[in-house]
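[1] coords below, sequence missing:
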């Protein structure tokens, strides 16, 4: 393997933008994270450029960029087709970045690259059929079939957060035209909305007291309270976990995976969400799928997006140098 390759991995999510320097053994050498600019396409791209300008100036010469974005992506063209929670549509992101930074670039959906990281170097080692759900601003999905990342006819496969679990449910968020999507019930935004609604309705609760004190009431606080044993927060996350389980039951029926991996920033309370989800899957999914599947938390946590984007760049651009599956240093 050629030593000293430096890859910048970019995780452009619906709320946060993470940029990291990754070596050729997929070790993360440096990582920064901050908010995404969502007020316009220009602002979003300008913030991405600014962060990459800073990173490349600080890290020195790099060999490639790998980008995972919360968008439907034409992988072959490196083009953002449409985004639900970002203001990006019909953007030739690979060409823009390659021209600006003078290095090869690969672009894919953010859940796909997180899925790749977990499949090759995380929870999915040893499997050939795996699904990943990333719980963030929305819910992203990645599909591994017969050991290969499945992207569909135009590269837009895996939008598992937009399966409908309630025909007459609330309108979905962002640019999605549908109603009752899984994303409405089990994403980070759903957790935040549930926390704020509860805080207003129950002012004597821990959430209500936090709201009265001027604290930020959202998914992170809800998760922290639940993990500390607050009964109301536990009940809210258990209900969200059950909704997540409804979506996973359909995924299990359709794909018959060996493994379902749950990651993303909103999955920090996996210890509460996953038992509820597993219970629903055990009750609702078909046999033999429900008896064979394992539902587990991601191993790489918030680093999965940066790591997966860099891994994708190495695999696609320097395939002879990619670490063996399970072999990252």
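    Cool, the structure landed. All figures in this text were calculated on a predicted structure; none of them were measured in a lab.
[2] helices of the stretch 51-200 of the chain, start to end?
    With DSSP state H, counting those that start in this stretch as the criterion, the stretch 51-200 of the chain has helices at 93-101, 110-121, 182-186, 188-201.
[3] report all helices and strands that the first one contacts.
    In this structure, helix 93-101 makes packing contacts with helix 41-59, strand 64-69, strand 79-82, strand 105-109, judged by 3 or more CB pairs under 8 Å, 6 or more residues apart in numbering; DSSP states H and E. For glycine as for every other residue, the C-beta is placed from the backbone atoms N, C-alpha and C.
[4] repeat that for 10 Å
    Packing partners of helix 93-101 (3 or more CB pairs under 10 Å, 6 or more residues apart in numbering; DSSP states H and E): strand 6-12, helix 41-59, strand 64-69, strand 72-74, strand 79-82, strand 105-109.
[5] and for the shortest one?
    In terms of contacts (3+ CB pairs under 10 Å, 6+ apart), helix 182-186 is packed against strand 130-135, strand 139-145, helix 188-201, helix 231-255.
[6] highest average neighbour count across the helices and strands packed on helix 93-101?
    strand 64-69 (a mean of 29; mean count of other CB atoms under 10 Å).
[7] can you tell me the strand partners of that strand and which way each runs?
    Within its sheet, strand 64-69 is paired with strand 6-12 (parallel), strand 105-109 (parallel), according to DSSP bridges.
[8] just give me how far whatever helix or strand comes next after the longest one sits from the chain centre.
    So that's strand 6-12. Using DSSP states H and E, the helix or strand that follows strand 6-12 towards the C-terminus is strand 16-23. In terms of CA atoms, centre = their mean, to the nearest Å, the centre of strand 16-23 is found 14 Å from the chain centre.
[9] now do the buried residues in the next helix or strand after strand 16-23.
    For strand 16-23, the following helix or strand on the C-terminal side (DSSP H and E) is strand 28-35. For strand 28-35, burial by neighbour count (16 or more other CB atoms under 10 Å) applies to 28, 31, 33.
[10] closest one of these to residue 111?
    Closest to residue 111 out of those is residue 33 (17.5 Å), distances taken as CB to CB.
[11] tell me the bridge partners for that closest one.
    Bridge pairing for residue 33 - DSSP bridges - gives residue 18.
[12] surely it touches residue 12?
    No. Using CB atoms under 10 Å, residue 33 is not in contact with residue 12; the gap is 11.2 Å.
[13] so what's in contact with those two at the same time?
    18, 19, 51, 305 (CB atoms under 10 Å, 6 or more residues apart in numbering).
[14] now, the most widely separated pair of the residues you listed?
    Pairwise across the shared contacts of residue 33 and residue 12, and taking CB to CB, the largest span is found between 51 and 305, at 13.9 Å.
[15] shared neighbours of the two, which are they?
    Listed as contacting both residue 51 and residue 305 by CB under 10 Å, 6+ apart are 10, 12, 17, 18, 33.
[16] any idea which of these is closest to residue 183?
    For the shared contacts of residue 51 and residue 305, the nearest to residue 183 is residue 12 (17.7 Å; CB to CB).
[17] is the closest one in a bridge, and if so with what?
    With DSSP bridges as the criterion, residue 12 is bridged to residue 17, residue 69.
[18] list the contacts for residue 59?
    6, 8, 19, 20, 21, 29, 30.
[19] wait, the second one sits on residue 67?
    Just to be clear, that refers to residue 8. Yes. Contact criterion CB under 10 Å: residue 8 and residue 67 qualify, at 8.9 Å.
[20] quickly list what the most centrally placed residue in the chain is bridged to.
    Among the residues of the chain, the one closest to the centroid is residue 134, at 3.5 Å (CA atoms, centre = their mean). Here residue 134 sits in beta bridges with residue 140, residue 263, as judged by DSSP bridges.
[21] for residue 160, see how far away residue 194 is.
    To residue 160, residue 194 is 21 Å away according to CB to CB, to the nearest Å.
[22] more neighbours, those two?
    residue 160 (25 against 20; other CB atoms under 10 Å).
[23] now do the contacts for that one.
    By CB under 10 Å, 6+ apart, residue 160 lies in contact with 111, 131-134, 139-143, 181-183, 247-248, 250-251, 254-255.
[24] tabulate the strands paired with strand 64-69 in TSV, adding columns for mean pLDDT and distance to residue 74.
    Output for these, formatted as TSV (pLDDT from 0 to 100; distance: least, CB to CB, whole Å):
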stretch	mean pLDDT	distance to residue 74
strand 6-12	93	16
strand 105-109	94	9
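[25] okay if I get those as JSON lines plus distance to residue 119?
    Output for the strands paired with strand 64-69, formatted as JSON lines (distance: least, CB to CB, whole Å):
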{"stretch": "strand 6-12", "distance to residue 119": "16"}
{"stretch": "strand 105-109", "distance to residue 119": "13"}
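[26] nice, that's everything, thank you.
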